[in-house]
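S.K.: need coordinates for the below:
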Amino acid sequence: MKHNACINHLRTATAACAAGLLAAGAAYAADDAPAPPAYLVFDTGPAGGSFAFGSGITNSGWISGAILTTSGALHAGLYIPGNVLDLGTLGGVNSAVEWPVKNNHGIVVGIAESATADPNGEVFSCADFIPGTGTTCLPFIWQQTTGMVQLPLLGGNNGFATEVNNAGVAVGWAETTSHDPTCIAPQVLQFLAVEWGPATGQKQVLPPWPGDSTSAATAINDSGQVVGISGDCGDAVGAFSARHALLWLNGHPVKLPTLGGAGWNTPMAINSQGSAAGFSDTPGDVAGGVLSANFQAALWPSGGGIVNLHTLPGDALAEATGINDRGQIAGTSFAASGASRAFLWQDGQIYDLNELVPANSALYMLSTGDINDHGDITGQACVIASGCTEFHTFIAIPAPGTAASTAAAAAAAQSQNAGERVSMSVADPRILRQHLHLGHPGAAHVGGS
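M.R.: Model (predicted):
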């Protein structure tokens, strides 16, 4: 379904849009169990190529992410109801918005390739998210009046922007000039978390936890609270570079608890109350000196501590990617085979998002990017009619009316949609793996060796 025709009327619960749609969800026998939510899912379209995804969604319904162009390049994209904008690059081939961006004033941040070859032959963090061409990768900020503009670096050649708040303060990480002995080739240079703005050209380094060599900021809220990671340099993606999960308060790092693992401890998003969501490894992730990811979706409540949100039943790994001010969390759950499915966590329950939409949906929701304060979710879905060879951005919106349906209708929807589960192996494995943030989960060695 294209979302342009009726999406703006869904929240008024008009009968015309709602007629004939099933409200799917698990049927609970206990009277005091929360009623499962119900969603409608819409296809925003690929906007040119056969591949697109949504990473962030604002309260106005603007979706930022990426689109595959007709030339085969991946470009940062902005979906405004009724229109899709190609945000371009910084002179290179590829760009993308890879983290949830919630700025409600039309400001977007992300990564873009330049036309300059990397002098150290690095691929940096960007190569695990966008196809690399050997050029430097730069953090950008975009707004309609200026277009795409590079954010300042820290003396090195590469950087990565993840989030920008409503005050126009952006965060991410950037290379310094220091050669870091904990780096794994081809990575050479240290990188540190950065806070940019709100003034043009303004930047502040957010230091790592004492004893660590690198840091990276992943999200910022409107109170200026920043979350991110700290650890070794590694290959500049996850693993031991996420040895510690951090919260920066006024530029000072505070160590967050983990689920007990040695790496992959990563907050992805933080809401206005200061609760963060992401993923964390559990004990047993290091064997024989090798770190093997076993991360579970995690919640860091604003009051302290950490909550294991686990995976969807039967899966091996999970990551939370977005959290809204109502405490709802969107994420992705992975089977041991690599097959993925989007999930929603709310009121202490985790749901397969594909089982909350009407039966015979045209889309199978593979991964999430974000969830806004209305409960709208964006991410990436495969088009079932294509044999899951096409991957589009989706928007899933809470269905109007009551959340529950009859037990028979709910069971039918769940049975139908569960049968559509697909494997990542049918996709372009390079781009899909990059988008799902998995990086190299089995390749890290203790000590960065």
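
S.K.: C-alpha only now, for contacts and for neighbours.
M.R.: OK.

S.K.: so which residues of the stretch 101-250 of the chain form helices?
M.R.: Assigned by DSSP state H, counting those that start in this stretch, the stretch 101-250 of the chain shows no helices.

S.K.: how about the strands in it?
M.R.: 108-117, 135-143, 147-150, 159-164, 170-179, 189-196, 203-206, 214-220, 226-231, 244-249 (DSSP state E, counting those that start in this stretch).

S.K.: the fourth one pairs with which strands, parallel or anti?
M.R.: On the basis of DSSP bridges, the sheet neighbours of strand 159-164 come out as strand 170-179 (antiparallel).

S.K.: I'd guessed Thr182 sits against Ala236; true?
M.R.: No - contact criterion CA atoms under 8 Å: Thr182 and Ala236 do not qualify, at 10.3 Å.

S.K.: so the closest residue to Ser114 other than its chain neighbours versus Gln225, what's the distance?
M.R.: Excluding the flanking residues, the one nearest Ser114 by CA to CA, 6 or more residues apart in numbering is Gly92, at 4.2 Å. The gap separating Gly92 from Gln225 is 33 Å, by CA to CA, to the nearest Å.

S.K.: got it, and Leu189?
M.R.: Leu189 sits at a distance of 27 Å from Gln225 (criterion: CA to CA).

S.K.: so those two - more neighbours on which side?
M.R.: A direct count of neighbours by other CA atoms under 10 Å for Leu189 and Gln225 places Leu189 higher, at 27 against 18.

S.K.: so what's that one up against?
M.R.: Counting by CA atoms under 8 Å, 6 or more residues apart in numbering, Leu189 makes contact with 156, 175-180, 183.

S.K.: sec struct for Asn354, please.
M.R.: Three-state call for Asn354 (DSSP: H, G, I helix; E, B strand; the rest coil): helix.

S.K.: so for the nearest residue to Asp281 once chain neighbours are set aside, what's the pLDDT?
M.R.: Of all residues not flanking Asp281 in the chain, Phe295 sits nearest, at 3.8 Å (CA to CA, 6+ apart). Phe295 carries a pLDDT score of 96 in this model.

S.K.: ok, Phe295 - contacts?
M.R.: Contacts of Phe295 (CA under 8 Å, 6+ apart): 264-265, 279-282, 317-319.

S.K.: select only the buried ones of these in PyMOL?
M.R.: Buried residues within the contacts of Phe295, by 16 or more other CA atoms under 10 Å, are selected in PyMOL with:
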select buried, resi 264+265+279+280+281+282+317+318+319
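
S.K.: quick one: which of the contacts of Phe295 is nearest Asn104?
M.R.: Distance to Asn104 across the contacts of Phe295 (CA to CA) is lowest for Glu319, with 24.8 Å.

S.K.: which strand residues bridge that closest one?
M.R.: Thr332.

S.K.: the closest residue to Asn94 other than its chain neighbours pairs with what?
M.R.: Using CA to CA, 6+ apart and skipping the chain neighbours, the partner closest in space to Asn94 is Leu74 (4.9 Å). Here Leu74 sits in beta bridges with Leu68, as judged by DSSP bridges.

S.K.: neighbours around Leu74, how many?
M.R.: 25.

S.K.: can you tell me which residues contact the spatially closest residue to Gln204 that is not a sequence neighbour?
M.R.: Spatial nearest neighbour of Gln204, excluding adjacent residues (CA to CA, 6+ apart): Glu195 at 5.1 Å. Residues near Glu195 by CA under 8 Å, 6+ apart: 169-172, 203-206, 217.

S.K.: let's see that with 6 Å instead.
M.R.: With contact taken as CA atoms under 6 Å, 6 or more residues apart in numbering, Glu195 is in contact with 170-171, 203-204.

S.K.: scan these and report the most crowded one.
M.R.: Ala170 (34 neighbours).

S.K.: touching, it and Glu163? I think so.
M.R.: Yes - look at Ala170 against Glu163 with CA atoms under 6 Å: they come within range, at 5.5 Å.
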